[in-house]
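Asker: One predicted model, sequence on top.
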Number of protein chains: 4
Amino acid sequence: MSKDIIGENEDVLVFLDRKRTFLIRVKRGQSLHTHRGYINHDDMIGKEFGDGVKSSLGINFTILKPTPIDYAKKMLRSTQIIYPKDMGLILVHSGIGCGSRVVEAGTGSGALTSVLANFVGSKGRVYSYETRAEFLEKAKKNLERAGVLNQVELKNKDITTGIDESDVDAVVLDLATPWEVVPLTSKALKGSGVLVSFSPTIEQVVKTVEALEAEAFVNIEALESIVRRIKVKKGQTRPETLMIGHTGYVTHARKTNSTHNQ
Amino acid sequence: MSKDIIGENEDVLVFLDRKRTFLIRVKRGQSLHTHRGYINHDDMIGKEFGDGVKSSLGINFTILKPTPIDYAKKMLRSTQIIYPKDMGLILVHSGIGCGSRVVEAGTGSGALTSVLANFVGSKGRVYSYETRAEFLEKAKKNLERAGVLNQVELKNKDITTGIDESDVDAVVLDLATPWEVVPLTSKALKGSGVLVSFSPTIEQVVKTVEALEAEAFVNIEALESIVRRIKVKKGQTRPETLMIGHTGYVTHARKTNSTHNQ
Amino acid sequence: MSKDIIGENEDVLVFLDRKRTFLIRVKRGQSLHTHRGYINHDDMIGKEFGDGVKSSLGINFTILKPTPIDYAKKMLRSTQIIYPKDMGLILVHSGIGCGSRVVEAGTGSGALTSVLANFVGSKGRVYSYETRAEFLEKAKKNLERAGVLNQVELKNKDITTGIDESDVDAVVLDLATPWEVVPLTSKALKGSGVLVSFSPTIEQVVKTVEALEAEAFVNIEALESIVRRIKVKKGQTRPETLMIGHTGYVTHARKTNSTHNQ
Amino acid sequence: MSKDIIGENEDVLVFLDRKRTFLIRVKRGQSLHTHRGYINHDDMIGKEFGDGVKSSLGINFTILKPTPIDYAKKMLRSTQIIYPKDMGLILVHSGIGCGSRVVEAGTGSGALTSVLANFVGSKGRVYSYETRAEFLEKAKKNLERAGVLNQVELKNKDITTGIDESDVDAVVLDLATPWEVVPLTSKALKGSGVLVSFSPTIEQVVKTVEALEAEAFVNIEALESIVRRIKVKKGQTRPETLMIGHTGYVTHARKTNSTHNQ
């Protein structure tokens, strides 16, 4: 319970509306500047999550406790590829849960990494490969902020040169050429483990599926998730005018031991 | 590792293709009958997950370790309302993770319950309300089979009469009249906790959003997820002809403490 | 007005509900047999369109005047590729109207031909190419029944061997390999005329767009139309559960004279 | 043929790319100013449609003959409600063709009017109702420019006070409260004629369907068309990132004579 009283160094999501949210760490003496006035951090200390706080212009903001997806969304701003809708699809099809061991590549800004880390928990582990050192630095900060860095092993390594781990529960790929990694993932995965790959283009999906078939994966499924936001107001209810038409395809499959026997 | 050698009483998903899968518990001396011949359970004992097993007709099946969604899909056969695509959306927006405490209603066959239980893990807890005793019985068996019953408290109670728990991280509703429960969820939730509601019809969404607004919830968002399966084959790639056009809407929102202060 | 009184040899659409409609030609002395009883053609003679007619079991059917799309839907049953949603998209982007001259290939059962013929009218003309004689026979009957055969010239010819017409307003393709015909269409079309191509797979679209670019077509656009049917009932409104997920892509483009100058 | 040589007073669509098109009437001595230089009208006179024309900066534009949808798109800029995808759906379900008589309300900027007028042709007629005189003025100019004003009768009248025409083939509604007009349309339509209504919100659809059922219309169908634009490039093919998520619903139905008999 005491955890829910906001103290210094607590992360808070200061919420005005869906498009205006501020993810900050509370620091005594500091202030948050918004277009609707500034908010003194001190005014939040001692409050509970869910409470309101007024800006210098008298506008009411709500103090929310950041969820894993709140952290991930803030990380996404720099890369903007995988959306919550895709993360949800990846999660349910990955077969992971608390305690799972997952290989991921590439790390990028760490958005998907943070969500995977949240769901494998403190007993699980995400091994995340990334070739670009500057992205790893950024990801490290993001994961630390999201409080999940302990569950992640960041690796500055090109996954196409080899996967160090074995018997992992799942491999999650967000790479330009996922098909090149499929044979390696087959070795890294437990028997019947899950590979999930996210790709923006249809040609990537075709090549990935061909590689999965060649490696005797089964239950291969390529999906696209389209999420529509509904504008709800009595008498004026309708899907929103503009929507995200496409982010990418989620392909998942299960490893078999067939190729090892051949 | 030894866990991956299949022994008696192990749950296995015997896989032929995406539409023909059999979720069974291995019992010495028993056999699984399929349209493509029968499989002796004894032939699976001692194998590893991911291995193949031949039926009496010489057809090769793959032995997969059931994932949480494999269990959930089998449970869904009786109610068929919430699909994996919706579970994914519910998961990412619920803010839960290993150790979370979640209230759910109604239990139904336990499909969504099992997925939530998987993701809160052994340190978390799902409190699941259901008025119909026969559903609870069925759900209990399903959850036991899925190995997550320890993480679930099944409650034969009408959630509209009150929620026993407090300070929970999330409330997940799959009810005909979710709006009736919104004031109660507001009390049960931690400050800034998440309510997620799944409803098939747009009128349910409108009433639920109105109730959430009346209770001063913020970040209210109503979403519909449409998932298309892509038929991937070089030179013949296209979305599948028939698809699930609609299952339901996912509405989520964050609790504020505003109403308690008023 | 007199045309609206039903006489012998009139085509009528006998309507029970959306899934049970019967497109017949009224013949004195004959009867229409349905699962809900039989209807004497004589009972319809002298009635007006929009009137009801009772079957032998006392069930009320409505007598509708067939629209172009009613005819087309009945033709579609044998091929089932292009749906009304696609025809609508083809129509608006084709730039045609009363009096237009259109080349089409292949004819198939004549469904799209009949819709095009309806919209070019008696002063326009559809030149429809088809290699398979048996399809042409079927199409001829279908077009005669739909009352638009006078506006159509059916050609038993492989369009890849040449287009006889020139200065046409639009070319509409429903072929397995439309890209092979693109250079020919460029010659057949008027300057700034429209090519529209319908293809089920994405690889066909990629090749067609490449061919259009090579022939200096402009305003090239590839579209997919997804139409959802809404189940409307107060308090229970929602998109239908099952839907057609994909039929094909509609690609359209405008011919330039650039290649002739090069 | 001579019609295809561009002369003075000819309408041309000067095309750079899909987003930069200019619909102008050629006037000797004038010039068209674009971000990529200006184009002398005189340079277009004597050319053929489909030819290129260079701007003062040496950029090549293509001279296209405007199609009905090109005109309609330009009109839409002021109201932006009904899109080509919706017009296509309205067209195929309206049952109209060359020679049809159609009642429409409201006229708005005349975009849908112009498309309907194009498809009923010179022997058909569109009776278009609009209460706001300033819109009628604008529509008149638009329809004149599109060359279809002769086929349209613009009426400065509130359609809810009565429809002057009878025995029309179709009624097309784009009104805020279409359900109020349903009983009137039933009188104006021929037996088995078609009503088509376009509405942005789901509540409008529910009320319209209820009104249609009360007036004994049959074959009532409410549809939503979602059109995705595909970005086609070998190796990089995918639906576009941003799309129009919703414009409105198209409801269509057939008039019966049942209410007149009751």
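Answerer: Received the coordinates, thanks.

Asker: Quick check, the residue in the stretch 1-150 of chain A closest to chain C?
Answerer: residue A:89 (16.4 Å; CB to the nearest CB). (Each C-beta comes from the backbone N, C-alpha and C, glycine too.)

Asker: Tell me how far the helix or strand hosting that residue lies from the chain's centre.
Answerer: Assessed by DSSP states H and E, residue A:89 sits inside helix A:84-94. On the basis of CA atoms, centre = their mean, to the nearest Å, helix A:84-94 sits 9 Å off its chain's mean C-alpha point.

Asker: What residues sit buried inside that helix?
Answerer: Using 16 or more other CB atoms under 10 Å in any protein chain shown as the test for burial, helix A:84-94 gives A:84, A:85, A:86, A:87, A:88, A:89, A:90, A:91, A:92, A:93, A:94.

Asker: Export these as JSON lines, with columns for pLDDT.
Answerer: Output for the buried residues of helix A:84-94, formatted as JSON lines (pLDDT from 0 to 100):
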{"residue": "A:84", "pLDDT": "90"}
{"residue": "A:85", "pLDDT": "93"}
{"residue": "A:86", "pLDDT": "95"}
{"residue": "A:87", "pLDDT": "94"}
{"residue": "A:88", "pLDDT": "95"}
{"residue": "A:89", "pLDDT": "95"}
{"residue": "A:90", "pLDDT": "96"}
{"residue": "A:91", "pLDDT": "94"}
{"residue": "A:92", "pLDDT": "93"}
{"residue": "A:93", "pLDDT": "93"}
{"residue": "A:94", "pLDDT": "94"}
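
Asker: And the residues you listed, which is closest to chain B?
Answerer: Looking across those and measuring by CB to the nearest CB, the closest to chain B is residue A:88, at 2.7 Å.

Asker: does the closest one really touch residue B:69, like I thought?
Answerer: No: contact criterion CB atoms under 8 Å: residue A:88 and residue B:69 do not qualify, at 11.6 Å.

Asker: Identify the contacts common to the two.
Answerer: Contact criterion CB atoms under 8 Å, 6 or more residues apart in numbering or on different chains; residues bridging residue A:88 and residue B:69 by contacting each: residue B:87.

Asker: Quickly list what the residue nearest to residue A:31 when sequence neighbours are not counted is bridged to.
Answerer: Computed as CB to CB, 6 or more residues apart in numbering or on different chains, the closest residue to residue A:31 that is not its neighbour in sequence is residue A:38, at 4.7 Å. Beta-bridge partners for residue A:38, by DSSP bridges, are residue A:33.

Asker: Could you check how many residues crowd around the residue lying closest to residue A:178 once chain neighbours are set aside?
Answerer: Closest residue in space to residue A:178, ignoring its immediate chain neighbours: residue A:197 at 4.4 Å, by CB to CB, 6+ apart. Using other CB atoms under 10 Å in any protein chain shown, residue A:197 has 28 neighbouring residues.

Asker: so residue A:197 touches residue A:180, yeah?
Answerer: No: the criterion here is CB under 8 Å, and residue A:197 misses it with residue A:180 at 11.3 Å.

Asker: which neighbours do the two share?
Answerer: Counting by CB under 8 Å, 6+ apart, nothing touches both residue A:197 and residue A:180.

Asker: residues in contact with the residue of chain A found nearest chain C?
Answerer: Residue of chain A nearest chain C, by CB to the nearest CB: residue A:202 (5.4 Å). By CB under 8 Å, 6+ apart, the contact set of residue A:202 is A:249, B:230, B:237, C:202, D:237, D:238.

Asker: Over to residue A:177?
Answerer: A:160, A:204, A:207.

Asker: which among these gets closest to residue D:27?
Answerer: Here the nearest of the contacts of residue A:177 to residue D:27, counting by CB to CB, is residue A:204; it sits at 50.7 Å.

Asker: quick one: which helix or strand includes the closest one?
Answerer: Counting by DSSP H and E, residue A:204 is found in helix A:202-214.

Asker: Give the rounded mean pLDDT of that helix.
Answerer: Across helix A:202-214, pLDDT averages out at 97.

Asker: and if you look at stretch A:47-60?
Answerer: Mean predicted confidence for stretch A:47-60 is 94.

Asker: and the residue nearest to residue A:15 when sequence neighbours are not counted, what is it in contact with?
Answerer: Nearest residue to residue A:15 in three dimensions, chain neighbours excluded: residue A:62, at 4.5 Å (CB to CB, 6+ apart). Going by CB under 8 Å, 6+ apart, residue A:62 touches A:14, A:15, A:50, A:51, A:52, A:53, B:192, B:218, B:254, B:256, B:258.

Asker: which ones are touching the first one?
Answerer: In other words, residue A:14. By CB under 8 Å, 6+ apart, the neighbours of residue A:14 are A:21, A:22, A:23, A:24, A:32, A:34, A:39, A:53, A:61, A:62, A:63, A:64.

Asker: run the last query once more with 10 Å
Answerer: A:20-24, A:26, A:32, A:34, A:39, A:41, A:44, A:53, A:55, A:61-64 (CB atoms under 10 Å, 6 or more residues apart in numbering or on different chains).
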